[in-house]
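# Quick one, what's the 3D model for this:
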Amino acid sequence: MAYYRLERRTKMNSKNTKKLFTTPWFVVSAAILCAILWGSAFPVLKLSYPELGLQPDDLYGKVVFAGFRFLLASIIIFVFFKLTTKESIRVSKKYWLPLLGLGTLQTGLQYFFFYNGLAHTTGMKGSIIESIGNFFTVALAHFFYSNDKLNTKKWIGMGTGLLGIIIVNWGQEFGWSFSFRGEGFLIICSILSAIATIWAKEFSLNLHPILINAWQMFLGSILLLLFGLPNVEPGFMTFTPFATGLFIYSALLSSVAFSLWYTLLKYNKAGEIALFRFIIPVAGAILSALFIPGEAFTFGIVISLILVSVGIVLLNFPNKNNAITTVKSSPR
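Alright, predicted model coming up:
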């Protein structure tokens, strides 16, 4: 009898959740919130580095910072998953090695390049350049999925977005401003993100996507810590109250935005939800201009934002087939 009541309560909760996550005003509000949260990661990290005492060239220190952030984020996701689905967080042994591989790629390597690349460029440029991952994903999907081939709309979207990426690197005086350890690392991060997106899509056929990301994030964070901790000195980071607040917020933004985003994807058409991704670079640039000293909008950045946003909208505009390009699997 107790089991019957639990099962009935679970079905009722699922029904209520579906009703909420298919309500138009809530869907739009939640999708915009996710995009703003991901966009806020750029100024938050840029502010965190000096507050923690991390220098731009402190490679290992930033790796450890990333490791602790995603370890906390993965724990939050595990708790959220357990409370909302009532399912076990355990996975079969046959998935351990693939999840370790995905964690190495999606959290370990990707955020090694992201954290260190962002330290050598501005938050505004970083938020725009990172969005290039959308275009790499489209290109890769062309070769992996028969129902997701490149078409005229996607070619135009990719061209428009890439033009925006080029313009943002011309600098305020339209002179080429590009460094391998800055913008170059972010481009590598975007390529890794695209590959991880394709890989994660294959996993989602057998495992819950939130559980996939929680495990890969947990395993990837452990790898980051194993790589970074032996190479840092005691007290290499100073956790002031402000730095602690930024750290907790950075973990929460990843866990909350990701969990909310995938719940939206579960109950709505993926293409219609992913359309809101164009807000991420816009939010990142605006928030960077507002909160990071010395960063301000320029003509080139405004034009770049417009082009990148138009490109993302074209890539994700709803069509008959909702494919891999409409799923964001590596939130910031």
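# and residue 30, what does it touch?
21, 260, 264 (CB atoms under 8 Å, 6 or more residues apart in numbering). Backbone N, C-alpha and C define where each C-beta goes, glycine included.
# Check what pLDDT it gets.
Here, the pLDDT recorded for residue 30 equals 88.
# How about the one 4 residues further on?
What the model reports for residue 34 is a pLDDT of 89.
# Also residue 199?
Taking residue 199 on its own, its pLDDT is 73.
# So which bits of the helix or strand it falls within are buried?
Element membership for residue 199 (DSSP states H and E) is helix 185-203. By neighbour count on 16 or more other CB atoms under 10 Å, the buried set for helix 185-203 is 185-201, 203.
# swap in stretch 21-28?
21, 27.
# Pick the one among the contacts of residue 30 closest to residue 140.
residue 264 (23.5 Å; CB to CB).
# which non-adjacent residue is nearest the closest one?
Leaving out its chain neighbours, the residue that sits closest to residue 264 by CB to CB, 6 or more residues apart in numbering is residue 273, at 5.1 Å.
# Tell me which helix or strand comes right after the host helix or strand of that neighbour.
Here residue 273 sits within helix 270-274, counting by DSSP H and E. Later in the chain than helix 270-274, the nearest helix or strand by DSSP H and E is helix 279-291.
# got a list of what the closest residue in space to residue 48 that isn't next to it in sequence touches?
For residue 48, ignoring the flanking residues on the chain, the nearest one in space by CB to CB, 6+ apart is residue 246 at 4.6 Å. Contacts for residue 246 (CB under 8 Å, 6+ apart) come out as 44, 47-48, 51.
# Serialize those to CSV and add fields for secondary structure.
CSV is the format used below for the contacts of residue 246 (DSSP: H, G, I helix; E, B strand; the rest coil):
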residue, secondary structure
44, helix
47, helix
48, helix
51, helix
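# residues near residue 233, how many?
Close neighbours of residue 233, defined as other CB atoms under 10 Å, add up to 7.
# no no, residue 282
For residue 282, using other CB under 10 Å, the count is 20.
# Surely it and residue 39 touch.
Yes - with contact defined as CB atoms under 8 Å, residue 282 and residue 39 form a contacting pair (7.0 Å).
# Only alpha carbons, please: show the helix holding residue 199 as CSV.
Extracted C-alpha coordinates of helix 185-203, given in CSV (Å, rounded to 0.1, in the frame of the first residue of the first chain):
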residue,chain,number,x,y,z
PHE,A,185,42.2,28.5,-26.0
LEU,A,186,38.6,29.5,-26.1
ILE,A,187,38.3,28.3,-29.7
ILE,A,188,39.8,25.0,-28.7
CYS,A,189,37.3,24.9,-25.8
SER,A,190,34.5,25.4,-28.3
ILE,A,191,35.7,22.6,-30.5
LEU,A,192,35.9,20.2,-27.5
SER,A,193,32.4,21.3,-26.5
ALA,A,194,31.0,20.4,-30.0
ILE,A,195,32.6,17.0,-29.9
ALA,A,196,31.3,16.4,-26.3
THR,A,197,27.8,17.4,-27.4
ILE,A,198,27.8,14.7,-30.1
TRP,A,199,29.1,12.2,-27.7
ALA,A,200,26.7,13.1,-24.9
LYS,A,201,23.8,12.8,-27.4
GLU,A,202,24.7,9.1,-27.9
PHE,A,203,24.6,8.5,-24.1
